[in-house]
Every structure is written in structure tokens, then in C-alpha cells.
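[1] Below are the sequence and a predicted model; questions follow.
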Amino acid sequence: MTQTLDESTIFDDKYNLDLCIKTGRFSCIYHCTDKSKGDKYLAKFIDLRSFTINDNDFINTVIVDECQRLQRMTHKQIANIYETYILSQQIVCLVYQFIEGNNLLVEIVNRANAGYIYSENVISYYMNQIMEAIDYCHKSDIIHGNIRAENILMSNNKSEGVIKLCGFGRTLIQNHFKQSCVHYYETNNLFNLLPNPYMAPELHQPNAVFTKASDIYSSGILLLTLLCGSSLHFDPQIDFFSIGEKIWNGISDITKELVLKMLKPKANSRITAHDVLNHKWLSRQRTTRFR
């Protein structure tokens, strides 16, 4: 149930904040514990002051509406939001289900450091779950806007763990912008200062907005990252990503086909989340036991 609060101490009355597990440009995530039940949760705090949002009506209508909309999402591959609090200091707190495992980026790095990458069978197992969550969002007219390995959580630290999509912070402020949410992020330095390979090409244009097609592009980069076993770096000389020939040649043709369809430079040429799920690489391996 979404609660609009006057004092942050009301949140403190219900929960104990424990370890801070992630900090970002305008948000942080903590482990927290329900004082009365002892149940564990994740608490994400989003500082609206980073967006120079001073309109109380906006905070009490759009933000509350978006929080309620997110809470209504019920999908096994999406981290459930149990409660949201709008604090008096213009801070939104989202209370998520507790998830034990690492994010997918940590898993990729750990495996790379150990000298190996995921097999295509394991990758297809993960991508099926990720795309099911994204397809669910898109059918609900929800654009994620920030799909990346860091926002994919593992239910545990085993390869067969269930995937959970999180990181819906941008969704909360999407309706605040009459034109370009992307332009606002850029002019206020709210994006990471490093080049972001997950951003679709059209998002670098004036008045760009996050769309379902840009979510697909980000998902394609995520797929390519899993296949390569490392973060990607855009190479302007070839207008694509710098990928070792040995790695690219080691990817099956059917998988390359899907990657290229998801990474079409023109947004209206990309396949949809539904089409990704029905692509033969994912559909044929959906019932195959991975190794």
C-alpha cells in the first residue's frame, strides 16, 4: 500500500536500516528489516531534489500514481514492491522483496576473473526470464528506461537462480517531463559521466525520449555483454562495438541474428520484446536444460 508520509521517522518506526549495498547519482539501496516480523527487505531511496522537482502537487499525484502503478506489477521476474513512502524531504522510498544474490554485472565480472564466460544455454536461460519481464512491462505500457546488468538481480548466487528485474527509478519521473526526459538527464549531469553503451542511438538526439524500442536496444547490449563476458566499448570508426574477432566468431549464427535485430540503429526497425521471446534461439532452448 502506498503511503504518503509527513515525517521520515514513520518509516524508521517500522524498519531497521542495515547495510547500504549500492549508491548511485541520486539513489541508494539498503538492506532493511521489519522490526515487528523480522522479515528482510530491500529499501531504495530516490532523492527527487536531484531533479529540481519542487512541485508538491506533482509529488503527491504523479509520483504517488507511478508508485501505485509499479506496485500493481506482479510478475515472477520482477522484484516486487511491497510499500512506497513519500518522505517530507522529497525522498521516495521503495520497499522491495529481499533478494539474496548479486546483480548480473558482479556475476559477469566474477566469471571473467575466473577465466570463463557463460555458455549460450545459460545465457538463453537468463535472457528468457529478462525478456519475459520486459514484455510484461511493455504490455502494461511501462518503459523501464534503464536496462543494464546492474539492474538484473539473481535470487541466489547459483547459475540456476531466478532472475529479477529492478531499477525502475526513471519510471517514477518519466511523466514529469513534457518533452525529453533524456535531455533533462544530460543537461543536469544525471547520467553516469562515463559513456553508456546501453543507450540506444536515438537517445543521443535532441528531444529524445525513452521508448519500448530503446529498452530493446539496451536488452540487446545486455545480451551481447553476456556473450562476450565483459562490458562493451563503442567504436565510432566501425559504428559498432569493439568485439574481439575470436569472441564474435565463437557466437552461434542464430544468436548473432537475434543480437543484430535487437541492435538495429533505427528504432522502428528493431524487433519487439514479444518477437525476441519468439525468436528461434530463445524459443528452442526454453525447455532445454542448460549447463
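    Sure, I can see it. In this text the structure is predicted, and so the values were computed from the model without any measurement. Numbers count the residues shown, from 1 in each chain.
[2] Can you list the low-confidence ranges for the chain?
    Scanning the chain for pLDDT under 70 picks out 1-9, 50-66, 88-89, 157-159, 169-195, 230-244, 246, 285-291.
[3] what's the longest helix that it contains packed up against?
    In the chain, taking DSSP state H as the definition, the longest helix is helix 120-139. Identification of packing neighbours for helix 120-139 by 3 or more Cβ pairs under 8 Å, 6 or more residues apart in numbering; DSSP states H and E yields strand 163-165, helix 212-228, helix 273-278, helix 280-285. Every residue, glycine included, has its C-beta placed from N, CA and C.
[4] contacting residues around it?
    For helix 120-139, contacts defined as Cβ atoms under 8 Å, 6 or more residues apart in numbering pick out 73, 75, 77-78, 104, 118, 143-144, 147, 152, 159-160, 162-163, 165, 212, 215-216, 219, 222-223, 226-227, 251-252, 255, 272-274, 276-277, 281-282, 285-286, 288-291.
[5] How much space separates residue 71 from residue 97?
    12 Å (Cβ to Cβ, to the nearest Å).
[6] Give me the common contacts of the two.
    Common contacts of residue 71 and residue 97 (Cβ under 8 Å, 6+ apart): residue 82.
[7] I figured residue 247 hits residue 225, correct?
    No: contact criterion Cβ atoms under 8 Å: residue 247 and residue 225 do not qualify, at 11.3 Å.
[8] Looking at these two, which is more packed in?
    Taking neighbours as other Cβ atoms under 10 Å, residue 247 and residue 225 compare with residue 225 leading, 21 against 14.
[9] ok, the more buried one to residue 105 distance?
    8 Å.
[10] Now for these two: what residues contact both?
    By Cβ under 8 Å, 6+ apart, the residues touching both residue 225 and residue 105 are residue 149.
[11] What is the burial count for residue 90?
    The local packing of residue 90 (other Cβ under 10 Å) involves 17 other residues.
[12] For the stretch 151-291 of the chain, just list every one of the helices.
    Using DSSP state H, counting those that start in this stretch, the helices assigned to the stretch 151-291 of the chain run over residues 169-173, 181-187, 212-228, 245-249, 253-262, 273-278, 280-285.
[13] a markdown table please, covering the ones you listed and showing distance to residue 126.
    Shown next, in a markdown table, are the helices of the stretch 151-291 of the chain (distance: least, Cβ to Cβ, whole Å):
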| stretch | distance to residue 126 |
| --- | --- |
| helix 169-173 | 22 |
| helix 181-187 | 27 |
| helix 212-228 | 7 |
| helix 245-249 | 18 |
| helix 253-262 | 13 |
| helix 273-278 | 13 |
| helix 280-285 | 10 |
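[14] Show me which of those helices has the highest average neighbour count.
    Stretch with highest mean neighbour count among the helices of the stretch 151-291 of the chain: helix 212-228 (a mean of 23; mean count of other Cβ atoms under 10 Å).
[15] Check which helices and strands it is in contact with.
    Counting contacts by 3+ Cβ pairs under 8 Å, 6+ apart, helix 212-228 packs against helix 104-113, helix 120-139, helix 253-262, helix 273-278.
[16] Run through who's touching the first one.
    Just to be clear, that refers to helix 104-113. Residues outside helix 104-113 that contact it (Cβ under 8 Å, 6+ apart): 101-102, 117-118, 126, 148-150, 152-154, 157, 163, 222, 225-226, 229-230.
[17] For residue 76, which non-adjacent residue is spatially closest?
    Nearest non-adjacent residue to residue 76, counting by Cβ to Cβ, 6 or more residues apart in numbering: residue 162, 7.2 Å away.
[18] how close does the one you found sit to residue 152?
    Using Cβ to Cβ, one gets 11 Å for the distance from residue 162 to residue 152.
[19] Of those two, which one has the most company?
    For residue 162 versus residue 152, the count of surrounding residues by other Cβ under 10 Å is larger for residue 152: 26 against 15.
[20] Count the residues that sit near the nearest residue to that one once chain neighbours are set aside.
    In space, residue 152 comes closest to residue 104 once its chain neighbours are excluded; the distance is 4.0 Å by Cβ to Cβ, 6+ apart. Counted with other Cβ under 10 Å, the neighbours of residue 104 add up to 22.
[21] do the one 10 residues further on as well
    Close neighbours of residue 114, defined as other Cβ under 10 Å, add up to 8.
[22] With residue 267 instead?
    Around residue 267 there are 17 residues (other Cβ under 10 Å).
[23] now swap in residue 21 and tell me
    Residue 21 has 12 nearby residues by other Cβ under 10 Å.
[24] Minimum distance to residue 36: which of the helices and strands packed on helix 212-228 has it?
    helix 120-139 (31.1 Å; Cβ to Cβ).
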